[in-house]
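*Asks:* fold the following, please.
(one chain, ligands or ions: 2)
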Amino acid sequence: MTIAIPPTNAPDSVFEEFWLQCPLRIARGTTRDVFEIPGHPDKVLKVLTRQSNFANWAEIVTYITTTDKSFFAEVYSWSWSGRFLVMERLGPITLQDLAGQKTPQFVNDKKPSNFGKDKAGRIKALDYAALDLSPHPLHHFPASFDEAVE
Ligand SMILES: Nc1ncnc2c1ncn2[C@@H]1O[C@H](COP(=O)(O)OP(=O)(O)OP(=O)(O)O)[C@@H](O)[C@H]1O
Ligand SMILES: [Mg+2]
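*Replies:* Ligands and ions are numbered 1, 2, ... in the order given. Alright, predicted model coming up:
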């Protein structure tokens, strides 16, 4: 039987039940543990191990708001608090895989372990919680506004 992935914003209690069905931890980062999801080899469950849920939220907001999502492992769903995040599972890469590839400049932490390969062989970021949101280029408001228009 394939276990169902809880929908976005499901209560943490629902994700806790789901987590119990994902016993195989594939990696441990400084802020998150990452688990295989039985029956879903294309996805992982990322669970915050710290008090703050910041890292998952940073990825959720980045994925939702970025205009070109092709550089990022897809975000599928997350718990109400953000402690749990279901993300596309990427395969491991070698340094040679990364050579000559591109990633958005605003991805702050460009260490190789933060990147992986999707099913089609495309290189994507799998840890994009650290951002460097440069203000440039700046948006220029018009030099004058028509007062009648809000
Ligand atoms: N989407 C994914 N697909 C495959 N493996 C992943 C994925 N996300 C994370 N991992 C694995 O789990 C490890 C830790 O995840 P991640 O880097 O997101 O956590 P972190 O706590 O932010 O780590 P750190 O701050 O130590 O870089 C990654 O280095 C990678 O090996
Ligand atoms: Mg990382």
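
*Asks:* so is whatever helix or strand Ile60 lives in next to ligand 2?
*Replies:* For Ile60, the element it lies in under DSSP states H and E is helix 54-65. No - Helix 54-65 does not reach ligand 2 (CB under 5 Å from the ion); its nearest approach is 8.8 Å. In short, each C-beta sits where N, CA and C put it, glycine included.

*Asks:* buried ones in that helix?
*Replies:* Neighbour-count burial for helix 54-65 flags Ala55, Asn56, Trp57, Ala58, Glu59, Ile60, Thr62, Tyr63 (criterion: 16 or more other CB atoms under 10 Å).

*Asks:* make CSV from those and add distance to Lys102 and pLDDT to it.
*Replies:* Putting the buried residues of helix 54-65 into CSV (distance: CB to CB, whole Å; pLDDT from 0 to 100) gives the following:
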residue, distance to Lys102, pLDDT
Ala55, 23, 98
Asn56, 25, 98
Trp57, 25, 98
Ala58, 21, 98
Glu59, 19, 98
Ile60, 23, 98
Thr62, 16, 98
Tyr63, 18, 98
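
*Asks:* and of these, the nearest to ligand 2?
*Replies:* Ala55 (8.8 Å; CB to the ion).

*Asks:* for the closest one, what are its contacts?
*Replies:* Thr31, Arg32, Leu48, Ala129 (CB atoms under 8 Å, 6 or more residues apart in numbering).

*Asks:* which of those sit farthest apart?
*Replies:* Leu48 and Ala129 (10.3 Å; CB to CB).

*Asks:* got any residues that touch both of the two?
*Replies:* Thr31, Ala55, Asn56.

*Asks:* what does the protein put close to ligand 1?
*Replies:* 27, 29-32, 34, 44, 46, 55, 73, 87-90, 113-114, 116, 126-127, 129 (CB under 6 Å from any ligand atom).

*Asks:* now those residues: which count as buried?
*Replies:* Using 16+ other CB under 10 Å, the buried ones in these are 31-32, 34, 44, 46, 55, 73, 87-90, 114, 116, 126-127, 129.
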